[in-house]
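Asker: got a predicted model here, sequence first, then my questions.
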2 protein chains.
Amino acid sequence: MIEIERKFLVTSNAFKAEAFKQTKIVQGFLNTDKARTVRVRLKGEEGFITVKGQSTKNGLERFEWEKPIEKTDAEALLKLCEAGVIDKIRYEIKMNQHTFEVDEFFGANAGLIIAEVELSYPTEVISKPLWLGKEVTGEVKYYNSQLSKKPYKTWGI
Amino acid sequence: MIEIERKFLVTSNAFKAEAFKQTKIVQGFLNTDKARTVRVRLKGEEGFITVKGQSTKNGLERFEWEKPIEKTDAEALLKLCEAGVIDKIRYEIKMNQHTFEVDEFFGANAGLIIAEVELSYPTEVISKPLWLGKEVTGEVKYYNSQLSKKPYKTWGI
């Protein structure tokens, strides 16, 4: 129930050719509070409800609880979510023993591409693909819950 | 997914002798916003996550979605909830075709007893038990989400 994750910006579209899977994701938030984020997600034909807690000081570890739900339930719950539903395609790329999940955002977050990789323990070494850019682990503004309130396209304004 | 409910105060303890079931309930909120309330509940040995939407103008109807979850998951999620966890015993009382759920509150809400009855349609007639008092359907201060923030014992202050 504690997830250890590192997060990076992505510097090119080269990751697309390496992906073994891509899935459309639509998600909204029933709460965007960092201490008790509640997310509703439609991932392809599957629905999920997810609760996340506060992350640790280094931003690496965060409580995460997820439950699969009916697609129709997810659709009904998305209507209750705060404004700022997030629309993205997730690409999955294998790199040795790890899987990078690369999210290409659309709508108000178009232009943003973020890669995440889950670790088994905080100091685990990862092989970095060539398209991997600056690490943004723990930077709150890159949380999807924050992107729904303050989307990428508004950052320069 | 739309619940039709009427809510009443309770004027005496006589309901206890009529109950066919009583269950301890501990519940907290991941969001107390009336438009997207997220509740975590431990009901005896069962766990639940519940999402409620805004109620209609007359306060009778409200979107409600509920999913059973593991007891241990409910316990972990309760730790993430806002301050003001609610502690109560629910008594269930049959009255003709209806079941009254009577909640006796403890802790910061001690002294408060509320009865709820679910209807099949808004104008359905109910038989009122002798211990049933003033109707408080739609009165937001009696929502459990509000009682967790502004408990009964603080109302007179």
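Answerer: The structure has been received and is ready for your questions. Numbers count the residues shown, from 1 in each chain, chains lettered A, B, ... in the order given.
Asker: tell me the secondary structure at A:E66.
Answerer: With DSSP: H, G, I helix; E, B strand; the rest coil as the basis, the three-state label of A:E66 is strand.
Asker: close enough to count as contact, it and A:T50?
Answerer: Yes: under the criterion of C-beta atoms under 8 Å, A:E66 makes contact with A:T50 at 4.4 Å. Where you see a C-beta, it was placed from the backbone N, CA and C, and this is true even at glycine.
Asker: anything in contact with each of these two?
Answerer: Common neighbours of A:E66 and A:T50, using C-beta atoms under 8 Å, 6 or more residues apart in numbering or on different chains, do not exist here.
Asker: how about A:D73, secondary structure?
Answerer: A:D73 - assigned by three-state DSSP - is helix.
Asker: contact partners for it?
Answerer: Taking C-beta under 8 Å, 6+ apart, one finds A:G47, B:W65, B:K67 in contact with A:D73.
Asker: top of those by neighbour count?
Answerer: The most crowded member of these, judged by other C-beta atoms under 10 Å in any protein chain shown, is A:G47 (21 neighbours).
Asker: what's the neighbour count on the closest residue to it other than its chain neighbours?
Answerer: Excluding its sequence neighbours, the residue lying closest to A:G47 (C-beta to C-beta, 6 or more residues apart in numbering or on different chains) is A:A74, at 2.9 Å. When neighbours are counted by other C-beta under 10 Å, A:A74 registers 22.
Asker: how much space separates A:A74 from B:K128?
Answerer: As judged by C-beta to C-beta, to the nearest Å, A:A74 and B:K128 stand 39 Å apart.
Asker: what parts of chain A come near chain B?
Answerer: A:1, A:30-31, A:33, A:35-36, A:38, A:49, A:51, A:53, A:63, A:65, A:67, A:69, A:73, A:76-77, A:80-82 (C-beta under 8 Å from any C-beta of the partner chain).
Asker: buried ones only from these, please, as a ChimeraX command.
Answerer: Restricted to buried positions by 16 or more other C-beta atoms under 10 Å in any protein chain shown, the ChimeraX selection for the residues of chain A next to chain B reads:
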select /A:30,31,36,38,49,51,53,63,65,69,73,76,77,80,81,82
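Asker: next step: the residues of chain A next to chain B restricted to strands.
Answerer: Counting by DSSP state E, the residues of chain A next to chain B place A:L30, A:N31, A:R36, A:V38, A:I49, A:V51, A:G53, A:F63, A:W65, A:K67, A:I69 in strands.
Asker: isn't the third one right up against B:L30?
Answerer: So that's A:R36. Yes: the pair A:R36 / B:L30 is scored as a contact, 4.7 Å apart, by C-beta under 8 Å.
Asker: what pLDDT does the model give the closest residue to A:E18 other than its chain neighbours?
Answerer: Once flanking residues are discounted, A:E18 sits nearest to A:I93: 4.8 Å by C-beta to C-beta, 6+ apart. Predicted confidence (pLDDT) for A:I93: 97.
Asker: sticking with A:I93, tell me its helix or strand.
Answerer: strand A:86-95 (DSSP states H and E).
Asker: which strands and helices lie in contact with that strand?
Answerer: When contacts are defined as 3 or more C-beta pairs under 8 Å, 6 or more residues apart in numbering or on different chains; DSSP states H and E, strand A:86-95 packs onto helix A:15-18, strand A:21-31, strand A:98-105, helix A:144-149.
Asker: list the contacts of A:G59.
Answerer: Neighbour list for A:G59: A:T137, A:G138, A:E139 [criterion: C-beta under 8 Å, 6+ apart].
Asker: now do 6 Å
Answerer: A:G59 makes contact with A:T137, A:G138 under the criterion C-beta atoms under 6 Å, 6 or more residues apart in numbering or on different chains.
Asker: quick one: end-to-end length of stretch A:102-112, please.
Answerer: This stretch, stretch A:102-112, spans 10 Å end to end (C-alpha to C-alpha, to the nearest Å).
Asker: quick check: mean pLDDT of that stretch?
Answerer: Here the average pLDDT along stretch A:102-112 is 97.
Asker: give the buried residues for that stretch.
Answerer: Judged by neighbour count using 16+ other C-beta under 10 Å, the buried positions of stretch A:102-112 are A:V102, A:D103, A:E104, A:F105, A:A108, A:N109, A:L112.
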